[in-house]
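In: Kindly generate the corresponding structure for this input.
(2 chains)
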Number of protein chains: 2
Amino acid sequence: MPKFQSKELIKITRRIFIAAGTPEDIADIVAGALVKANLIGYDSHGIWRITRYIMRIRNGGLDPAARPEVERQTNSVAVVNGNWGFGQLGARLAVEYVSSLAPKCGVACVALHRTNHIGRVGEYAEMLASEGLISMVLTSVAGQDRQVAPYGGRERVFGTNPMAWALPVRAPRPPLVVDFATSATAEGKLAVAMSRGEQVEPGLVLDRHGNPSTDPNSFFDGGTLLPFGGHKGYGLTLMIQLMTNVLTDYENGSYRDSRFKNPSLFTAWSVEAFMALEQFVGLVEDWLQYIKRSKTAKGFDEILLPGEPEARTFAKRSKEGIDIPEPTWREITAIAGELGVSI
Amino acid sequence: MPKFQSKELIKITRRIFIAAGTPEDIADIVAGALVKANLIGYDSHGIWRITRYIMRIRNGGLDPAARPEVERQTNSVAVVNGNWGFGQLGARLAVEYVSSLAPKCGVACVALHRTNHIGRVGEYAEMLASEGLISMVLTSVAGQDRQVAPYGGRERVFGTNPMAWALPVRAPRPPLVVDFATSATAEGKLAVAMSRGEQVEPGLVLDRHGNPSTDPNSFFDGGTLLPFGGHKGYGLTLMIQLMTNVLTDYENGSYRDSRFKNPSLFTAWSVEAFMALEQFVGLVEDWLQYIKRSKTAKGFDEILLPGEPEARTFAKRSKEGIDIPEPTWREITAIAGELGVSI
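Out: Predicted coordinates:
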């Protein structure tokens, strides 16, 4: 498996996007975001996406030179139009806006619509937390690529609809970020299991007839993913789907719209509207230490906080480099070749 | 099992609370809220609570005549002090405030602290949705009565920390309300299983040594509840605990504070800040019909929306009356007798 330092990967990624018509400043942002995802261990949101994004540029779904704009802003709410450019750009403008509104208003919310894949949602929650805000980022996969059945159902009604939630913490503690898909598993994990000829745990997948299955093939053969946590996760998935599709993508929030998109809602609560930030991060630190030092269950050596596994992977990969699986590397080399980029 | 019409239960409940020093208008609200919970099938939040509330009045934790007040309000944020009265009162004032702020600001948030048990969180989410707001209500069980272990842990670090989430829908559709505890099960359900000598499913409980258990006794014998949905539910539980304890109960958000309380955060997004409410509820209705008519999985006859089971129980119990388990009824009769209330 080839191994790279993050700097090399950023350079390669950036050159590929530039060759595909992306302005340099935009290519910097997208390359940085993808490689950052690899650095913290979210390989499904890393440079594996390069070829997917290039394909969307080619089929007209993604305008690599488009820039997002704030369509309107009233009091504590704003709407950002992604103009079908890179989602990472629209999401950054949304973060910028909600960061400027929340301290003034106490709580603020920015909707992002007409957007491509925004990448790792936890990234935005983390940015907002570093500004002294409590943040919640909700995204749905809308249009094509819905994969998740309702509780009791067997059709691909919902996206994997991730949510991210973060709180400010006291340095040097790593960011406290909850970031998860509301599906019980992800397509990528099933693909890995399938390629290894392995079965998966029960409770993740239904086959095309609506029967529980542990065979990853059954998902690819017309089956569905299940929501995590039974009817509770179903409730979350449903609310995220409706809240982001209908409210956020207010121009066309219908389930009939088949265009792939990632409509998103960024909400931030200003800690200072309630109490001094210093007092807040002190009390949070106290809680986190209490959680960390509580006794472990059988089979566990340690209690991990949300964000800790990512911080450890980041430290390790920053030092040792990032392994890129052969098939991903072949794909990237091929697309680079097509674009005349030698890597 | 004795059976009552809701009106009778409200009358009885109200008289008991009045005899315990509750002003009539407050007794009306609390009695109505508890019996409403029974009507929709949330018996754990119904009149079973009467004796628990009376005990809190007796031990000084609940001042039955206290009224909540808005401590401060800045832009889109307000803080309500429950003054240690009935939580239902403080929560209603929070709802009133967030309902008045959200349409003006776009999004608004009210924190409730110094509060007793607020009851069923879905009730408040539902009230807000009926005003054209998308609502999220977060509550933690703080101080005494924490019961849930972190993922990988075996100590009672977190409360059962419920969240409720609701959207406006088009009449006559019943309210679309997601309302669940972030624990995998509830003490009440374990008590029922224990009284019947039944085992419970795996994944709900650890014994005092941190071993997985299906014996409900092991929880009562120093064990813990687990979060629902593994590390994802743990992430939610943790965020709700910190967000409501530290941010909401800003005077004393420490884990060391042992007083039982239910600090809560009410956030509401005004649909009209994004799009016309009529268009929103139309698109939501369209989605809901699409979800309802999607095909069912094996073992299911129907896909239920969040709130549908409750609406059906409400219709049935409104007509047929509410069964009250013998032990609950004996408790209520006893406490009524002590207070000189003949029922």
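
In: Tell me which helix or strand residue A:137 sits in.
Out: Element membership for residue A:137 (DSSP states H and E) is strand A:133-139.

In: helix or strand right after that strand?
Out: Past strand A:133-139, the next helix or strand by DSSP H and E is strand A:162-167.

In: Mind checking if that following strand is in reach of chain B?
Out: Yes: using CB under 8 Å from any CB of the partner chain, strand A:162-167 reaches chain B at A:165, A:167. Glycine gets a C-beta too; all of them are placed from N, C-alpha and C.

In: C-alpha coordinates for that strand, CSV please?
Out: Extracted in CSV, the C-alpha atoms of strand A:162-167 (Å, rounded to 0.1, in the frame of the first residue of the first chain):
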residue,chain,number,x,y,z
PRO,A,162,-25.0,12.6,9.4
MET,A,163,-25.1,14.9,12.4
ALA,A,164,-22.2,16.6,14.1
TRP,A,165,-22.2,18.3,17.5
ALA,A,166,-19.3,20.1,19.2
LEU,A,167,-18.6,22.1,22.3
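
In: where does chain A have low pLDDT?
Out: Low-confidence segments of chain A (pLDDT under 70): none present.

In: which helix in it runs the most residues?
Out: helix A:87-105 (DSSP state H).

In: Check which helices and strands whichever helix or strand comes after it sits against.
Out: Sequence-wise, the next helix or strand downstream of helix A:87-105 (DSSP H and E) is strand A:107-113. Counting contacts by 3 or more CB pairs under 8 Å, 6 or more residues apart in numbering or on different chains; DSSP states H and E, strand A:107-113 packs against strand A:77-81, helix A:87-105, strand A:264-270, strand B:107-113.

In: is stretch A:61-78 anywhere near chain B?
Out: Yes: using CB under 8 Å from any CB, stretch A:61-78 reaches chain B at A:74, A:75, A:76, A:77.

In: which residues in chain A form strands?
Out: Using DSSP state E, the strands of chain A run over residues A:3-4, A:69-74, A:77-81, A:107-113, A:133-139, A:162-167, A:176-181, A:205-206, A:212-213, A:224-225, A:264-270, A:322-323.

In: Around chain B, which positions in the stretch 1-150 of chain A sit nearby?
Out: Within the stretch 1-150 of chain A, the positions near chain B by CB under 8 Å from any CB are A:74-77, A:79, A:104-109, A:111, A:134, A:149-150.

In: Return the two entries of these that lie farthest from one another.
Out: Within the residues of the stretch 1-150 of chain A next to chain B, two members stand farthest from each other by CB to CB: A:104 and A:149, at 42.0 Å.

In: Show me which of those two is the more surrounded one.
Out: residue A:149 (29 against 14; other CB atoms under 10 Å in any protein chain shown).

In: For the more buried one, give me its contacts.
Out: By CB atoms under 8 Å, 6 or more residues apart in numbering or on different chains, the contact set of residue A:149 is A:155, A:156, A:157, A:158, A:206, A:224, A:225, A:226, A:227, B:294, B:297.

In: The nearest residue to residue A:342 once chain neighbours are set aside: how many residues sit nearby?
Out: Among residues not flanking residue A:342 along the chain, residue A:336 sits closest, at 7.3 Å (CB to CB, 6 or more residues apart in numbering or on different chains). Neighbour count of residue A:336, defined by other CB under 10 Å: 20.

In: Surely residue A:336 and residue A:14 touch.
Out: No: with contacts counted by CB atoms under 8 Å, residue A:336 stays clear of residue A:14, the gap being 11.6 Å.

In: ok, now which ones touch whichever residue of the stretch 201-343 of chain A sits closest to chain B?
Out: Per CB to the nearest CB, residue A:229 is where the stretch 201-343 of chain A lies closest to chain B, at 2.9 Å. Shown in contact with residue A:229 (CB under 8 Å, 6+ apart): A:184, B:228, B:229, B:230, B:232, B:233.

In: Closest to residue B:332 out of the residues you listed?
Out: Taking CB to CB as the measure, residue B:332 lies nearest residue B:228 of those, at 30.9 Å.

In: ok, back up a step: out of the residues of stretch A:61-78 next to chain B, which end up buried?
Out: Among the residues of stretch A:61-78 next to chain B, those that count as buried by neighbour count (16 or more other CB atoms under 10 Å in any protein chain shown) are A:75, A:76, A:77.

In: quick one: terminal-to-terminal distance for stretch A:284-301?
Out: 23 Å (CA to CA, to the nearest Å).

In: centre of the chain versus it, how much separation?
Out: Centroid separation for stretch A:284-301 versus its chain: 27 Å, with CA atoms, centre = their mean, to the nearest Å.

In: Flag every buried residue along it.
Out: For stretch A:284-301, a neighbour-count test (16+ other CB under 10 Å) marks A:284, A:286, A:287, A:288, A:291, A:294, A:296, A:297 as buried.

In: Can you name the two of those residues that sit furthest apart?
Out: A:284 and A:297 (23.6 Å).

In: how much does the longest helix of chain A deviate in direction from strand A:77-81?
Out: 170 degrees (axes from the mean of the first three to the mean of the last three CA atoms, to 10 degrees).

In: How about helix A:87-105, which residues are buried there?
Out: Residues A:87-95, A:97-99, A:101-103, A:105 are the ones in helix A:87-105 that count as buried (16+ other CB under 10 Å).

In: With stretch A:13-29 instead?
Out: Those buried within stretch A:13-29 under the rule 16+ other CB under 10 Å are A:13-20, A:22, A:26-29.

In: do stretch A:302-322 as well
Out: By 16+ other CB under 10 Å, the buried positions in stretch A:302-322 come out as A:303-308, A:310-311, A:313-314, A:317, A:321-322.

In: restrict the residues you listed to those near chain B?
Out: Okay, of the buried residues of stretch A:302-322 touching chain B (CB under 8 Å from any CB), that's A:303, A:304, A:305, A:306.
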